[in-house]
Structures are given as C-alpha cells and as structure tokens.
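Engineer: Need coordinates for the below:
(one chain, ligands or ions: 1)
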Amino acid sequence: MLRIAYFGPQGTFTEQAARALAPGEDLTPYETVRLALQAVRDGAADAACVPIENSVEGVVPATLDGLSDGDPLVATAETILPIHFSVLKRPGGGEIRTVASHPHALAQVREWLEANLPDATPVASSSTAAAAVGVVEGDFDAAVSAPVAIEHYPLEELATGVADVCDAQTRFLMVRRPGELPAPTGADRTSIVAAAVNRTGTLSDLLVELAVRGINLTRIDARPTRSNFGEYRFFIDFEGHVAEPRIVDAMAALRRRSHLRFLGSYPRADEVAATIEDGAGNQDFLDAQAWVDAVLKGEGA
Ligand SMILES: O=C(O)C(=O)Cc1ccccc1
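Structural biologist: Have a look, this model is predicted:
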C-alpha cells in the first residue's frame with residue numbers, strides 16, 4: 001500500500017483530492033503543505049497531495065514555494081474538485097463572533113459573510129479543517145469548511161453550499177520524488193519553474209520559446225525568489241508531455257535560457273487534448289531532425 005501524505009488535518013478538501021487520486025491507499029495528514037512535501041523528501045511518504053491553484057483565488061503560494069525550494073519533487077497526477085463550503089458551529093453554540101478558515105476559503109465566502117454574519121471577525125487558520133478543530137476546541141465560533149468536515153468533527157451546520165462564486169474549482173497535485181514519469185496520453189500538462197537573470201525581455205524570451213513551438217500555456221505565475229528583492233521565479237504550466245519531441249525541443253531551449261526545474265508531466269484532469277499548430281506536431285519535429293541527420297551524414301540537402 002502506498003503511503004500518501006496530504007495537507008490536513010482530516011476533512012480538508014485536499015483529503016478529498018487525495019482519496020480521488022489514490023483510492024484505498026494509506027493516507028496521513030500533515031498540518032502544512034511544507035510538512036506534507038517534507039514527508040516525501042524524507043521518505044516517510046511515497047507521495048503527497050497538495051492544492052496548487054484555485055479558480056477564484058489563484059495559486060497556493062505555500063505549494064509553489066514548497067516545490068521550487070528543497071530537493072526536487074515531480075507531479076505525477078492532478079485532480080480538480082468543485083469547491084463550495086459548509087459553515088460549521090458547535091451544537092447549540094451561542095453568538096458567532098469569530099469565523100475561521102484557510103485564507104483561500106475566507107476569500108471565497110467574503111460576500112456571504114458580509115451578508116449573513118456581518119459582525120463576525122474572519123480569522124485565518126492553516127486549513128479549513130484546522131478551523132473546524134478550532135471550533136471544537138472553543139478557539140473560534142464558526143468554521144468555513146469542506147462539506148466532508150461534518151463527518152469528522154462533532155459540529156453542526158449553520159449553512160451549506162456556501163460560495164460567492166458558483167462553479168469555483170481547485171486543482172490538486174500528487175507529487176513524488178523524481179522517478180519514472182507517467183506515460184504520455186495526448187492530454188497532458190507539464191509544469192516547470194524557471195528563474196532567469198533580471199534584464200529586459202527575460203520573461204518574453206522564455207515565453208517565445210514556447211510560442212514558436214506552438215505550445216499552449218495553461219498557467220503562469222511569478223513568485224519572488226525570496227533571496228534578492230525584485231527577483232522572481234516563473235511557474236509555467238503548458239500543454240504536452242516532456243516525452244514528446246516538440247516538448248523536448250522547448251525544454252532544451254528553456255534550459256539554455258534559465259535555471260530550470262522540471263515539476264512534472266502528467267495527465268490533465270479535464271482530459272483536454274493538446275492544441276497542435278500546423279507544422280508543430282511531434283512528427284514535424286521528428287521529420288525535421290531526420291532531415292538534419294541526413295544532411296550531417298551527407299545523405300541529403
Ligand atoms: O484547507 C483546505 O481544506 C484545503 O485543502 C485547501 C483549500 C482551501 C480552500 C479551497 C480549496 C482548498
């Protein structure tokens with residue numbers, strides 16, 4: 001049985017994602033994303049499930065920073081969950097003066113809180129389930145939680161189906177120590193982080209390498225390097241798998257232009273096939289390489 005670390009405690013959205021990505025495996029909660037990733041680096045876990053991006057609030061900074069620093073880890077799978085919340089309180093409990101949750105959750109229910117609990121002070125907690133634990137322990141009066149949290153904690157629902165934006169979604173990754181890559185499926189995503197020197201055109205130079213090969217981006221985020229003020233790392237997701245000739249060509253070019261870390265090639269949860277432009281398919285790259293090889297052997301021109 002695989003040992004899967006996840007961003008917990010029990011009852012987080014990430015636990016739901018881990019169950020979807022690794023059914024029947026041995027799941028262990030860790031209090032922070034950093035600790036879940038560390039468990040994989042240390043060998044205490046075979047893989048970790050962590051949230052990466054949200055359709056409303058954007059990226060989860062702890063995950064980006066946790067993947068770009070420390071020993072390399074690579075994503076081997078992703079899943080996307082629809083996100084709506086339950087607001088939980090102690091049974092019978094009194095006035096709601098504080099309402100706790102993960103910052104991403106609080107940001108997604110701001111309007112609901114203003115309309116329904118205008119006098120409650122929002123308090124950030126490490127996760128939605130940590131907020132539920134805090135309510136059980138009397139630290140807060142209510143928690144904005146994943147709907148499954150009610151199954152884990154002796155709380156009652158003040159409201160369910162809470163979300164300012166309906167159809168909100170969060171994407172989660174399963175990451176491991178570098179090893180065998182998942183096979184290409186034709187509907188894959190590749191994740192990288194690139195740090196380049198701070199000069200005019202750096203970012204556009206990197207993006208051009210993808211654009212000229214007809215590679216479609218699915219996300220780009222910048223995070224500070226944390227060592228030199230004003231210096232950034234770029235987290236880029238694009239369609240395709242590093243085992244494809246067109247992606248090999250792009251990765252080699254990016255490697256020449258930046259400090260590059262490969263964060264994985266894995267099947268897309270939405271199964272959307274890669275966009276392939278005319279002349280930019282894998283066979284086009286293979287044919288071009290075969291032609292160059294022939295020229296080198298004096299067999300063509
Ligand atoms: O705190 C959780 O439950 C998480 O898994 C992180 C999160 C928070 C808000 C929306 C989606 C995921």
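
Engineer: Kindly report the residues of the stretch 51-200 of the chain close to the ligand.
Structural biologist: Where the stretch 51-200 of the chain comes near the ligand, counting by C-beta under 6 Å from any ligand atom, the residues are 51, 54, 83, 102, 104-105, 127-129, 146, 170. Just so you know, the C-beta spots here come from the backbone N, C-alpha and C atoms, and that holds for glycine as well.

Engineer: quick one: the helices in the stretch 51-200 of the chain?
Structural biologist: 61-68, 103-108, 110-116, 128-136 (DSSP state H, counting those that start in this stretch).

Engineer: what's the spacing between the longest one and its chain's center?
Structural biologist: It refers to helix 128-136. The offset between the C-alpha centroid of helix 128-136 and the centroid of the whole chain comes to 23 Å, using C-alpha atoms, centre = their mean, to the nearest Å.

Engineer: re earlier: using CSV, lay out the helices of the stretch 51-200 of the chain together with mean neighbour count.
Structural biologist: What follows is those, written out as CSV (neighbours: other C-beta atoms under 10 Å):
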stretch, mean neighbour count
helix 61-68, 20
helix 103-108, 20
helix 110-116, 14
helix 128-136, 25
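
Engineer: Can you list the strands that the least confident helix or strand in the chain by mean pLDDT pairs with?
Structural biologist: The helix or strand of the chain with the poorest confidence is strand 58-59; it has a mean of 92 (mean pLDDT, DSSP states H and E). Based on DSSP bridges, the strands next to strand 58-59 in the sheet, each with its direction, are strand 47-54 (antiparallel).

Engineer: residues in contact with the least confident helix or strand of the chain?
Structural biologist: Contacting residues not belonging to strand 58-59 are listed as 52-53, 219, 221, 235 [C-beta atoms under 8 Å, 6 or more residues apart in numbering].

Engineer: again, but for stretch 201-208
Structural biologist: If you take C-beta under 8 Å, 6+ apart as the criterion, stretch 201-208 is touched by 194, 196, 217, 220, 234, 236, 254, 257-258.

Engineer: Only whichever of the residues you listed are buried, select them in ChimeraX.
Structural biologist: Isolation of the buried members of the contacts of stretch 201-208 (16 or more other C-beta atoms under 10 Å) is achieved in ChimeraX through the command below:
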select :194,196,234,236,254,258
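
Engineer: Lowest pLDDT pick from the contacts of stretch 201-208?
Structural biologist: Across the set of the contacts of stretch 201-208, A196 stands lowest in pLDDT, at 83.
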